[in-house]
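Peer 1: Structure for the following, please:
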Amino acid sequence: MGKPGVLLALMTTAVLTSGCYYYYYPVPPPCPAIAQATAVSVTVAREYVAQVGSLRLKACQDGVCKEAAVELFPGTASIDQGCAPDGVCSATASPDGTMIGMLMLESLTEAPMALTATGTSAGGSALPVRTLDFRPRGAYPYGEHCGRFVTASVILDAEGLRQAV
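Peer 2: Below is the predicted model:
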């Protein structure tokens, strides 16, 4: 076998070997380049929005408490716009009548958290004090290789506070 034959044999072996490697040892998909917000998010239910003029949250976890006024913004829902034949899918955001806000924290773990919501009504009177003891949730939304994300999300309505699903 001449030099061209040896070269062809080596190239074929290299391609086949690398193909087998990726077949048996697949490369995990890349992780999104996003950071996790260490915050408690609150959604004021659509039916309760008219009652809320201002909102204040106090969150206590692992012996550390943080309290602050929460700025509320209009909430949205995702509206599916379907998928194109090439597999590209899209959605759009549409106002849903809720209000959302966040209380930023120094850290957030899966340890139990005590949350208190206070505020004033649209007319200026005090809202009922609402409390909730819950555990923030940890999950791997992008796969275990991308790390665990911990979230603390609650809903405020006329009945009180409850953990969002």
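Peer 1: Buried residues in stretch 65-74, which are they?
Peer 2: Judged by neighbour count using 16 or more other CB atoms under 10 Å, the buried positions of stretch 65-74 are 70, 72. Heads up, the C-betas are built off the backbone N, CA and C, glycines and all.
Peer 1: I would like the residues contacting that stretch, please.
Peer 2: 42, 44, 52, 54-60, 95, 98-106 (CB atoms under 8 Å, 6 or more residues apart in numbering).
Peer 1: For Gly119, pull up the helix or strand it's in.
Peer 2: strand 113-121 (DSSP states H and E).
Peer 1: Could you tell me how far that strand lies from the centre of the chain?
Peer 2: Strand 113-121 sits 21 Å away from the centroid of its parent chain (CA atoms, centre = their mean, to the nearest Å).
Peer 1: repeat for stretch 113-133
Peer 2: 24 Å.
Peer 1: So which residues of this protein form helices?
Peer 2: 3-24 (DSSP state H).
Peer 1: which intervals of it have sub-threshold pLDDT?
Peer 2: Across the chain, the stretches falling below the confidence threshold (pLDDT under 70) are 1-25.
Peer 1: quick one, longest strand in it?
Peer 2: Secondary structure of the chain read by DSSP state E shows that its longest strand is strand 89-104.
Peer 1: what comes up buried for it?
Peer 2: In terms of neighbour count (16+ other CB under 10 Å), strand 89-104 has its buried residues at 98-103.
Peer 1: how close does the residue nearest to Arg148 when sequence neighbours are not counted get to Ala111?
Peer 2: Spatial nearest neighbour of Arg148, excluding adjacent residues (CB to CB, 6 or more residues apart in numbering): Gly138 at 4.9 Å. Computed as CB to CB, to the nearest Å, the Gly138 to Ala111 distance reads 11 Å.
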